[in-house]
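>>> quick one: sequence and predicted model below, then my questions.
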Amino acid sequence: MKAVATAVLALVLGLLAGPAWAGDPSGLWLTEDGSAKIRVAKCGANVCGTISWLKEPNDTSGKPKVDKNNADTGKRSRPIIGVPIVLSMKPDGDDKWSGKIYNAEDGKTYDGSITLAGNTMKVQGCVSIFCKTKTWTRTN
């Protein structure tokens, strides 16, 4: 009887405590257009993500693509693979994180959020009140 009471107490305490994050966005995500895969991982209490694969990793000259549009001229020669794009997003409700998103296509950083929904994740970047949302799919 004591073992049953202990098990029930442990279950109740576990339910009351709940996880720090309702879902875990860690893993590999395929962008909506299928052109890149982003590795998302916890970075401390936050979430970060880097480009880990490109469908077309080389430019027209056959050399690996670089971050040529970056506003910081010192970063324009770095390889695109490995560039951080989900930047230290903080928990912001159930299955949602908010912070900054870097767009390597235009070299700009935007206010943004990611929202986990099972095997998909809504990725949103905003300028003022104008936002654009893309859906990424969990992949291997």
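That came through fine.

>>> you'd agree residue 74 is in a helix?
Yes - the assignment for residue 74 (DSSP: H, G, I helix; E, B strand; the rest coil) places it in a helix.

>>> how far away is the spatially closest residue to residue 117 that is not a sequence neighbour from residue 65?
Distance criterion CB to CB, 6 or more residues apart in numbering; nearest residue to residue 117, sequence neighbours excluded, is residue 95 at 7.0 Å. In short, each C-beta sits where N, CA and C put it, glycine included. Distance check for residue 95 against residue 65: by CB to CB, to the nearest Å, it reads 32 Å.

>>> about what we covered before: is it correct that the residue nearest to residue 117 is in contact with residue 23?
Yes - contact criterion CB atoms under 8 Å: residue 95 and residue 23 qualify, at 4.5 Å.

>>> comparing these two, which shows the higher neighbour count?
Between residue 95 and residue 23, counted using other CB atoms under 10 Å, the more crowded position is residue 95 (18 against 14).
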